[in-house]
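Asks: this is a predicted model, with the sequence first.
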Amino acid sequence: MNPWPRKTRELHNHHFDSTIWNDFAFRDGDIVIGTYAKSGTTWTQQIVAQLVFGGADDIDVAEISPWMDLRVPPKEVKLAAVEAQTHRRFLKTHLPVDALVFSPEARYIYIGRDGRDVVWSMYNHHARANDFWYQVLNETPGRVGPPIEPPPASVRQYFFDWLERDGHPFWPFWENVRSWWAVRNLPNVMLLHFADLKADMPGEIRRMAEFLSIEIDEARFPTILEHCSFDYMQAHADRAAPLGGACWHGGGKTFIHKGTNGRWRDLLSPAESARYEAVARRELGEDCARWLASGAL
């Protein structure tokens, strides 16, 4: 029996064009960084860049590690740019596993984060988007489905809309997490959690290096850690944020925001928080819900 996942569907909306993976030519050792969104994706891309390039100071992560299934720029442009790369490639996806072409040659790192923290981070991302962001997503050719609209004034309302409509106004949350949890035991899949990175970044970076078969130059490890800190990433946000942050008021520093958890605690009542936790258990099962909440496997 073939253990490898198979693509069974395409996903299209104001952000997605999943068909790009149908035409992507994998190379042995390619790295695919997956998340739902606002779960530590850019942070993980920065870490992988630092491991691949040995602590280099001038890596334009947003340029060399594109979000493949974002429908802009057109897939022909993106595929040609990635094909031209000669270093070990590391790419980003926000798709569930069943909308990907899954390769045994690649290494997959999936980053999880409590859904409440995801929403609070996403609200900042969405509320500070500028006209150019809406123009790129809504007015460029190829959009499928309705446009994305500005968010409500209340982050609480945003959270309840997201919970009740499963990821609205972006894309479904629970199926994304479920799909990656289901393949966690494959030899080329690693689960990473935002909370674990916050608690022990050096240890998690070493774990990632081992998974990717990258030998760390110990003399460069302090530099790698410095370059993966939020202070460094905010100071160099134009290299990490897509288009240098041109889609957000405040630029790249808006995209590389706070990197903190628990901002929802002062705004959700215990009953409202328990409601989210009950949905998580129902949608994910006890073990996966526990991991998503805390990182505990």
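Replies: Structure's in. What do you need?
Asks: for residue 105, see how far away the closest residue to residue 89 other than its chain neighbours is.
Replies: Using CB to CB, 6 or more residues apart in numbering and skipping residues adjacent in sequence, the residue nearest residue 89 is residue 30, 5.1 Å away. Backbone N, C-alpha and C define where each C-beta goes, glycine included. Relative to residue 105, residue 30 is positioned 7 Å away (CB to CB, to the nearest Å).
Asks: more crowded one of those two?
Replies: residue 30 (18 against 10; other CB atoms under 10 Å).
Asks: if I look at the more buried one, how far off is residue 192?
Replies: Residue 30 sits 17 Å away from residue 192, going by CB to CB.
Asks: can you say which helix or strand has residue 222 in it?
Replies: Using DSSP states H and E, residue 222 sits in helix 221-227.
Asks: for that helix, packing partners?
Replies: Secondary-structure packing of helix 221-227 (3 or more CB pairs under 8 Å, 6 or more residues apart in numbering; DSSP states H and E): helix 41-52, helix 201-211.
Asks: which among those helices is found nearest to residue 150?
Replies: In terms of CB to CB, the element of these nearest to residue 150 is helix 41-52, at 22.9 Å.
Asks: circling back to that earlier point, got phi/psi on the residue nearest to residue 89?
Replies: Backbone torsions for residue 30, taken as degrees, to the nearest 10, come to phi -50, psi 150.
Asks: can you check the one 5 residues further on too?
Replies: Residue 35 adopts backbone torsions of phi -160, psi 170, taken as degrees, to the nearest 10.
Asks: ok, it - contacts?
Replies: Applying CB atoms under 8 Å, 6 or more residues apart in numbering to residue 35 gives the contacts 41, 44, 94, 110, 111, 112, 113.
Asks: ok, the first one touching residue 112?
Replies: No: with contact defined as CB atoms under 8 Å, residue 41 does not reach residue 112; the gap is 11.2 Å.
Asks: between those two, which has more neighbouring residues?
Replies: residue 112 (27 against 21).
Asks: and the more buried one, how far from residue 234?
Replies: 23 Å.
Asks: least trustworthy helix or strand in the protein by mean pLDDT?
Replies: When the helices and strands of the chain are scored by mean pLDDT, DSSP states H and E, helix 252-255 comes last with a mean of 59.
Asks: what's the nearest residue to residue 66 once chain neighbours are set aside in contact with, if anything?
Replies: Using CB to CB, 6+ apart and skipping the chain neighbours, the partner closest in space to residue 66 is residue 78 (5.7 Å). Neighbouring residues of residue 78 by CB under 8 Å, 6+ apart: 20, 66, 68.
Asks: likewise residue 277?
Replies: 289, 293.
Asks: list the buried residues in the helix or strand containing residue 272.
Replies: Residue 272 belongs to helix 270-284 when assigned by DSSP H and E. Neighbour counts over helix 270-284 (16 or more other CB atoms under 10 Å) mark 272, 276, 279, 280, 283, 284 as buried.
Asks: export those residues as JSON lines, with columns for pLDDT and distance to residue 211.
Replies: Below are those laid out as JSON lines (pLDDT from 0 to 100; distance: CB to CB, whole Å):
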{"residue": "272", "pLDDT": "97", "distance to residue 211": "37"}
{"residue": "276", "pLDDT": "98", "distance to residue 211": "31"}
{"residue": "279", "pLDDT": "98", "distance to residue 211": "31"}
{"residue": "280", "pLDDT": "98", "distance to residue 211": "26"}
{"residue": "283", "pLDDT": "98", "distance to residue 211": "27"}
{"residue": "284", "pLDDT": "98", "distance to residue 211": "23"}
